[in-house]
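Enquirer: Compute the structure for the input listed below.
(2 chains)
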Amino acid sequence: MSEVMRGKVDVLRQFILENYLFTDDQSKLNNDDSFLDTGILDSMGILELIFYLEEEMSIKVESEEMIPTNLDSIDNLLVFIDKKLS
Amino acid sequence: MRELTLIDNLYQLCAVGASAEAIALQSKNIKMSFSQLKSAIESVGGYFNEIGIGKGDRVVLVIENSIDYVVALYAIWKVGGIVVALNPQSKLHEIKDVIKQCSAKCLLIEKTNHEILDALKNLNVILINLKGDSVDGIKCWNDALCCTNYVSNCNLNADDSAQIIYTSGTTGNPKGVLLSHANLMCNTEDIIDYLQLTNKDSVLSVLPFHYSYGNSVLHTHIYVGAKIIMAGSMAFPQDIVNSLRELNVSGFCGVPSTYSLLLSHSDWAQKKLPLRYITQAGGPMNKVLTRKLLGSLNRNTQLFVMYGQTEATARISWLPPDSLEDKMGSVGIALKHVNIEIRNDQEESLRANQSGGVYVSGNSIMQGYWNNDIATRHTLYNGWLKTGDIGYIDSDGYLYLQGRRNDMIKVGSHRVNPLELEEVINKLLFINESAVVGVEDEILGQALCVFVVGDESKKNIYSLKKHCREYLPAHKIPRDIKWVNSLPKTASGKIKRYQLMQTKEVLNDKHYL
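Expert: Modelled structure (predicted):
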């Protein structure tokens, strides 16, 4: 993983931990945890995550890209972001 | 001759070869025909008999929409039990409260977390887990599905209680709407009548079955031998639209936020879907969204705007699609076996176009609130249900709603009682008091905003949200937190929520904290 992507993992993890898990305990979030299955995010949470990607990371998420494969875990987000940036 | 129930109807359907072999349920790639559904109900029913669950016993379901959910629900009815379905995201204390309140005999869950399972084992209920094997103190769902015992006849009557649906009460005091088999049967048949559902229909269901709207979608489609396809979360609107296209379904049901999400975050409007009907209930949908939705539909798709309450089983009125333009803003006319009256504060009936409280009667009106005579007496009068809504009926018989008398907040498809949240929030030492109100939200209809009096700091905002997350499911966590010096109150000390909703801060400040 490149230095840039490693930085993005940390930023995304921090966003989820602070805003949805309300903790700084890194062990509460695994990179392959499904946000929906684990109850970390609900449908509004996913929308907020998209706003975050668009506002803070300048990544435009098209309607057809709003699928679990792209957005439902830290791992999935990274693959998606990598694809969008390349 | 005794009146039929929904489970009798399902068995009758299975007696006809062609209907029996039709697909009843589909979840992901798993399909189940009506005859397979009946066999599964027989097995699980036989198992319930074996472990001592019988007529009148309350069985709590804390499981996601799934084929297993439907099997469990009908199997409970087969042995005469009463279904108590909860939000699968319910917190441990909420499950405990309900088990205690309805003296449940059995709990069906799907959990892998050992801490939760250990806590549930001590509740003095028969515990069945849909995930994992049978272990000490926990029975395994697969054993129920594989049971070969014959299910005994429980002599079910239409007036027997079938279901308790919990609506938002305060913590430790949930209000359970008690519905009979006759209530469910009557409302189901009335809905089928106006939607003109047949066994050729198929519906993609995104609504949770544990709420009355999702519950009615399930029963109406099963009743006519139609297919129910369980969809994933509304978190991914495009996924839903893709499924609607691929599966070629004829129907779709949603609340206003469902349609708002589909219109704003998918290509729903760009490529029109060949649906026969879509339904909308679960709170008023504004005219702008209604027109936008109408404009996005194929010309053969009918939009049914509906109104209802859990206390009336599900539906009370429907707006015939061809009246939608003329009667925009109305929730329509009463169902076939429902009467609606508008009354003043003295309980006197009012004439057309006069505004007052909405009262409803008919065979779909609940038996009462479970184990709560006081609440029942405040809501049911001589067979009439006081809905708590305010409205008028025009000279053509169309009902228009103008507001609610109580403070319930509708967040997406969920109804939230502000008192419950305030109880949870007020437990924090740095909070002196709090008031929760619903504020306008473009997608959800309403979002939760809490006004707090107490020690303001960034750390405390963090602690407040963390505390809420620990005790409340996601949809009950406040979006906005506003710190104020005091709360506006009436002379008797009651919080003036209406005034809070009008404050400049709420109206102008859209920032998330």
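Enquirer: alpha carbons only for contacts and neighbour counts from here, please
Expert: Fine.
Enquirer: From chain A, how far out is the closest residue to residue B:441 other than its chain neighbours?
Expert: Closest residue in space to residue B:441, ignoring its immediate chain neighbours: residue B:447 at 5.7 Å, by C-alpha to C-alpha, 6 or more residues apart in numbering or on different chains. According to C-alpha to the nearest C-alpha, to the nearest Å, residue B:447 and chain A sit 10 Å apart.
Enquirer: For chain A, give me the ranges with low pLDDT.
Expert: A:1 (pLDDT under 70).
Enquirer: Nearest to chain B: which residue in it?
Expert: Residue of chain A nearest chain B, by C-alpha to the nearest C-alpha: residue A:43 (3.7 Å).
Enquirer: what's the nearest residue to that residue if we skip its chain neighbours?
Expert: residue B:235 (3.7 Å).
Enquirer: check contacts around that neighbour.
Expert: Neighbouring residues of residue B:235 by C-alpha atoms under 8 Å, 6 or more residues apart in numbering or on different chains: A:42-44, A:46-47.
Enquirer: try 10 Å this time
Expert: A:36, A:41-47, A:66-68, A:71-72, B:258, B:261, B:265 (C-alpha atoms under 10 Å, 6 or more residues apart in numbering or on different chains).
Enquirer: What does it show for phi and psi?
Expert: As for residue B:235, its main-chain torsions (degrees, to the nearest 10) stand at phi -60, psi -30.
Enquirer: and residue B:252, that one's in a helix?
Expert: No: applying DSSP: H, G, I helix; E, B strand; the rest coil, one finds residue B:252 to be strand, outside a helix.
Enquirer: Who does the closest residue to it other than its chain neighbours form a beta bridge with?
Expert: Of all residues not flanking residue B:252 in the chain, residue B:278 sits nearest, at 4.8 Å (C-alpha to C-alpha, 6+ apart). With DSSP bridges applied, residue B:278 shows beta-bridge pairing to residue B:252, residue B:303.
Enquirer: OK, contacts around residue B:278?
Expert: B:195, B:203, B:250-254, B:297, B:301-305.
Enquirer: Just the closest of those to residue A:14, please.
Expert: residue B:254 (33.8 Å; C-alpha to C-alpha).
Enquirer: Could you verify my assumption that the closest one touches residue B:207?
Expert: Yes: proximity of residue B:254 to residue B:207 meets the contact threshold set by C-alpha atoms under 10 Å, at 6.8 Å.
Enquirer: Specify which residue of these two has the higher count of neighbours.
Expert: For residue B:254 versus residue B:207, neighbours defined as other C-alpha atoms under 10 Å in any protein chain shown are more numerous around residue B:207 (25 against 19).
Enquirer: Spell out the secondary structure type for that one.
Expert: Relying on three-state DSSP, one would call residue B:207 coil.
Enquirer: my guess is it meets residue B:215, correct?
Expert: Yes: using C-alpha under 10 Å, residue B:207 is in contact with residue B:215, at 8.5 Å.
Enquirer: and the residue of the stretch 351-500 of chain B nearest chain A?
Expert: Residue nearest to chain A within the stretch 351-500 of chain B (C-alpha to the nearest C-alpha): residue B:466, separated by 5.0 Å.
Enquirer: Quick one: distance of the helix or strand where that residue lies to the chain centre.
Expert: In this assignment (DSSP states H and E), residue B:466 forms part of helix B:458-471. The chain centroid and the centroid of helix B:458-471 are separated by 28 Å under C-alpha atoms, centre = their mean, to the nearest Å.
Enquirer: What of stretch B:351-370?
Expert: 19 Å.
Enquirer: Contact residues of the stretch 201-350 of chain B facing chain A?
Expert: B:232-242, B:261-262, B:264-268 (C-alpha under 10 Å from any C-alpha of the partner chain).
Enquirer: Mind doing that once more with 8 Å?
Expert: Residues of the stretch 201-350 of chain B lying close to chain A by C-alpha under 8 Å from any C-alpha of the partner chain are B:233-239, B:265-267.
Enquirer: Redo those residues as JSON lines? Include secondary structure and pLDDT.
Expert: What follows is these, written out as JSON lines (DSSP: H, G, I helix; E, B strand; the rest coil; pLDDT from 0 to 100):
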{"residue": "B:233", "secondary structure": "coil", "pLDDT": "80"}
{"residue": "B:234", "secondary structure": "coil", "pLDDT": "86"}
{"residue": "B:235", "secondary structure": "coil", "pLDDT": "86"}
{"residue": "B:236", "secondary structure": "coil", "pLDDT": "89"}
{"residue": "B:237", "secondary structure": "helix", "pLDDT": "91"}
{"residue": "B:238", "secondary structure": "helix", "pLDDT": "90"}
{"residue": "B:239", "secondary structure": "helix", "pLDDT": "90"}
{"residue": "B:265", "secondary structure": "helix", "pLDDT": "86"}
{"residue": "B:266", "secondary structure": "coil", "pLDDT": "90"}
{"residue": "B:267", "secondary structure": "coil", "pLDDT": "91"}
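Enquirer: closest to chain A among the residues you listed?
Expert: Distances from chain A to these, taken by C-alpha to the nearest C-alpha, are shortest for residue B:235, at 3.7 Å.
Enquirer: List the contacts of residue B:240.
Expert: The neighbours of residue B:240, taking C-alpha under 8 Å, 6+ apart as the test, are B:231-232, B:234.
Enquirer: Distance to residue B:156 added to the residues you listed, as JSON lines?
Expert: Formatted as JSON lines, these follow (distance: C-alpha to C-alpha, whole Å):
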{"residue": "B:231", "distance to residue B:156": "32"}
{"residue": "B:232", "distance to residue B:156": "35"}
{"residue": "B:234", "distance to residue B:156": "37"}
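Enquirer: Of the residues you listed, just say which sits nearest to residue B:68.
Expert: residue B:231 (14.6 Å).
Enquirer: For the stretch 301-450 of chain B, just list every one of the helices.
Expert: Along the stretch 301-450 of chain B, counting by DSSP state H, counting those that start in this stretch, helices occupy B:373-379, B:418-425.
Enquirer: Tell me who's in contact with the residue of chain A closest to chain B.
Expert: B:233-236.
Enquirer: Please pick the buried ones from these.
Expert: B:233-236 (16 or more other C-alpha atoms under 10 Å in any protein chain shown).
Enquirer: Please name every helix or strand in contact with the helix or strand hosting residue B:70.
Expert: Take DSSP H and E as the rule and residue B:70 turns out to sit in helix B:67-78. Helices and strands touching helix B:67-78, by 3 or more C-alpha pairs under 8 Å, 6 or more residues apart in numbering or on different chains; DSSP states H and E, are helix B:6-14, strand B:23-27, helix B:34-50, strand B:82-85.
Enquirer: From residue B:179, how far out is the nearest residue to residue B:46 once chain neighbours are set aside?
Expert: Among residues not flanking residue B:46 along the chain, residue B:151 sits closest, at 4.1 Å (C-alpha to C-alpha, 6+ apart). Relative to residue B:179, residue B:151 is positioned 24 Å away (C-alpha to C-alpha, to the nearest Å).
Enquirer: Settle it for me: which of those two has more neighbours?
Expert: Counted by other C-alpha under 10 Å, residue B:151 and residue B:179 do not tie: residue B:179 has more neighbours, with 28 against 20.
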